[in-house]
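>>> Coordinates only, no sequence provided:
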């Protein structure tokens, strides 16, 4: 039940993130939307991991480890994107 | 319906509402604040999914460091004005985008409902192989043992991201200190916490790193806490970040991935496979690499939040 609820939430977040990415022109909002999309994908992984409970473990550790890696890489990508947006804003500020 | 199921539904509903709030917010600043709350609640979702390692990471990086970075960026953009040269899409376009995104969600949801039962799982394989590494935390076992190459590449990604951000430095600021000068906080919670928290935070980080071998925790969580402890005095205006030209700073970012690569070649030499660990020495090697890696990741995470050097 828990896995299904959060799996479906993950599916919803992918759609919401995709919508924000395409429908909002503000760069910082697009970065946020991209992170929502990523969070949704991670949750789908989490649901699959929870369903894979076996051998005394409450969840499959392999998808969990992949998500852990993914969160850190997504953060690195976010910082780079934010730095690009700020630099762009600065460049447009000075004619 | 049990209390646990009710909690699941409430957490999921709150996350859904926050995500919609982020995408539909009028002000960028509102969206960022909602996003930080979203990150915190995602931590709860991971606890409910029995993924405590992920929950710790999400809370530290997804809500903590991301929040710091994004709130700072929103404030700067409010001053300079956002670089928008694009018109918002027309109403018909928004409707079309909405329909397309709803279709993606529906397809993904159908796929989740159609997942095979019983679910395929690698858990038995991990449990069977874990004693060879002398580790008690299966997630650490996967990160440092069975999928160590992913973790190595991830450490490299962090170093590359630092290089990428530093490449955006304006010419006249090259080699200078990153991060905007913060006004010195002389009173209030920030001034107090910036002095009080770092010693405790450093101890907590060391603990989280050490127990990561056998319990939820590990280098990423520890590194995120360390990075936060470094950023706290900077936010309070008590300490200035080191100049990006400092050789020790650059070495600190590179040494973690390099130590990991060296350990990998050690495995190639001794065991005949890249990143293989010698029997009996696995845990010692993993812990040594993790300690060095924690330092490097902490420095890299803090530098990522600070951004490029600033002309003063």
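Now that the structure is in, tell me what you want to look at. This one's a predicted model, so the numbers in the text were calculated from it and none came from an experiment.
>>> C-alpha from now on. contacts and neighbour counts both.
OK.
>>> what sits against residue B:191?
Under the criterion of CA atoms under 8 Å, 6 or more residues apart in numbering or on different chains, the neighbours of residue B:191 are B:185, B:236.
>>> and it, backbone torsions?
Backbone dihedrals for residue B:191, given as degrees, to the nearest 10, come out at phi -60, psi -40.
>>> average pLDDT for the helix or strand containing residue A:74?
Element membership for residue A:74 (DSSP states H and E) is helix A:61-93. Model confidence over helix A:61-93, given as mean pLDDT, is 89.
>>> can you tell me if that helix touches chain B.
Yes - applying CA under 8 Å from any CA of the partner chain, one finds helix A:61-93 touching chain B at A:61-62, A:64-65, A:67-69, A:71-73, A:75-77, A:79-80, A:82-90, A:92-93.
>>> name the element the residue nearest to the spatial centre of chain A belongs to?
By CA atoms, centre = their mean, the mean C-alpha position of chain A lies nearest to residue A:38, the distance being 1.9 Å. With elements taken from DSSP H and E, the one containing residue A:38 is helix A:27-51.
>>> hang on, the earlier thing: hmm, the residue nearest to the centre of chain A is touching residue A:14, no?
Yes - here residue A:38 lies in contact with residue A:14, judged by CA atoms under 8 Å, at a distance of 7.2 Å.
>>> show me what contacts the closest residue to residue B:243 other than its chain neighbours?
With CA to CA, 6 or more residues apart in numbering or on different chains as the measure, residue B:177 is the residue that lies nearest to residue B:243, at 3.8 Å, once sequence neighbours are left out. Contacts for residue B:177 (CA under 8 Å, 6+ apart) come out as B:240, B:241, B:242, B:243, B:244, B:309, B:310.
>>> The fourth one in helix, strand or coil?
Under the three-state scheme (DSSP: H, G, I helix; E, B strand; the rest coil), residue B:243 adopts coil.
>>> What is the burial count for it?
When neighbours are counted by other CA atoms under 10 Å in any protein chain shown, residue B:243 registers 16.
>>> count of residues packed around residue B:86?
Using other CA under 10 Å, the number of residues around residue B:86 comes to 10.
>>> That one in helix, strand or coil?
Using three-state DSSP, the secondary structure recorded for residue B:86 is coil.
>>> Next one: it from residue B:247, what distance?
Applying CA to CA, to the nearest Å, one obtains 41 Å for the distance of residue B:86 from residue B:247.
>>> What of residue B:293?
Between residue B:293 and residue B:247 the distance is 18 Å, computed by CA to CA.
>>> do residue B:51 as well
The gap separating residue B:51 from residue B:247 is 38 Å, by CA to CA.
>>> who has more neighbours, these two?
Using other CA under 10 Å as the criterion, residue B:51 and residue B:247 rank with residue B:51 on top: 27 against 9.
>>> do you know how far the more buried one is from chain A?
As judged by CA to the nearest CA, to the nearest Å, residue B:51 and chain A stand 7 Å apart.
>>> Tell me the confidence at that residue?
The per-residue confidence score, pLDDT, reads 89 for residue B:51.
>>> how many other residues sit next to the closest residue to it other than its chain neighbours?
Among residues not flanking residue B:51 along the chain, residue A:64 sits closest, at 6.8 Å (CA to CA, 6+ apart). Other residues near residue A:64 come to 29 when the count uses other CA under 10 Å.
>>> Residue A:64 contacts residue A:45, doesn't it?
Yes - here residue A:64 lies in contact with residue A:45, judged by CA under 8 Å, at a distance of 7.4 Å.
>>> Past the helix or strand of chain B with the lowest mean pLDDT, which element shows up next along the chain?
Considering only helices and strands, the least confidently modelled element of chain B by mean pLDDT, DSSP states H and E is helix B:123-129, at a mean of 82. Sequence-wise, the next helix or strand beyond helix B:123-129 is helix B:138-141, with elements assigned using DSSP H and E.
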